[in-house]
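K.L.:
Sequence isn't available, so here's the structure alone:
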């Protein structure tokens, strides 16, 4: 499992920005392209010890909020 | 085309040569960590010369040597170096053929391989030769086997591997010819649609061990890894 704080941190790191919020998305983060998105997913996969890779919907998630929702729905998000 | 490497912009003309890819990008990033300002550097299989040019510019090399099987690469290579105010010596020829009697401190192998049955479906090799064999390893293996004869004492070979080839065979070859083989970095990327649409071919090649596929997030992923052999 990962915490919301960890998810925000790894997304920020992938984007090369100091921080992101739940409102951050591909629409308002200029550098968040498909390759960066994949690096976010791979970082999530490592943080969840391989469990995130089974969530195919993550490939289409385009915002922090969507990612958090999907992780929570799949019992991978801790409080 | 405008390319950015290591926060520096480069305006390059690829001509009809191989267009730089993410493998090229990772190769450049890894090579920049290994090349010293006094090194004699060979960019082998240079295409439009982008890899050699970026290294030359950012490492302030007085001269870089480059070669490609295509004589057509000469024009974009010389144009790109001239435009950037850098010096190069380009020769056309197959792998190390143009460099008999010469030795280098660093050879950056820009020749990678993808399984030939896949290469003909990919946009990377349209009009560009890829005689890499079913397991995609033939060319890189030949480079690795020959490289020691073209390296100075203490010289290094930097080479890419792509998971759409037999990476194990390539790395084993490197270990047989060099004292030390280490990974400099890797990146994963989604297989392009023009390849994922050939699912049966992909699975057949995977079953033979010719390629390695990673399945994550409902996607098929490939992987590029850059190695240093010394």
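P.N.:
In hand now; what should we look at? What you see is a predicted model, and the numbers here were worked out from it, not measured in a lab.
K.L.:
contacts, neighbours, all on C-alpha from now
P.N.:
Noted.
K.L.:
Show residues contacting the longest helix along chain A.
P.N.:
Ordering each helix of chain A by length in residues (DSSP state H) puts helix A:34-47 first. If you take C-alpha atoms under 8 Å, 6 or more residues apart in numbering or on different chains as the criterion, helix A:34-47 is touched by A:1-2, A:7, A:10-11, A:14-15, A:51-53, A:58-59, B:188-190, B:217.
K.L.:
After that helix, which helix or strand is next?
P.N.:
Sequence order places helix A:64-73 as the next helix or strand after helix A:34-47, per DSSP states H and E.
K.L.:
quick one on the thing from earlier: between helix A:64-73 and the longest helix of chain A, find me the angle.
P.N.:
30 degrees (axes from the mean of the first three to the mean of the last three C-alpha atoms, to 10 degrees).
K.L.:
Let me see the contact set for the nearest residue to residue A:48 once chain neighbours are set aside.
P.N.:
What sits nearest to residue A:48 in space, not counting adjacent residues and going by C-alpha to C-alpha, 6 or more residues apart in numbering or on different chains, is residue A:1, at 5.5 Å. By C-alpha under 8 Å, 6+ apart, the contact list for residue A:1 reads A:47, A:48, A:75, A:76, A:77, A:78.
K.L.:
Look up how far residue B:172 lies from residue A:1.
P.N.:
According to C-alpha to C-alpha, to the nearest Å, residue A:1 and residue B:172 sit 37 Å apart.
K.L.:
ditto for residue B:95
P.N.:
Following C-alpha to C-alpha, the distance that separates residue B:95 from residue B:172 is 20 Å.
K.L.:
ditto for residue A:7
P.N.:
Applying C-alpha to C-alpha to residue A:7 and residue B:172 gives a distance of 38 Å.
K.L.:
now residue B:154
P.N.:
According to C-alpha to C-alpha, residue B:154 and residue B:172 sit 20 Å apart.
K.L.:
Okay then, goodbye and thanks.
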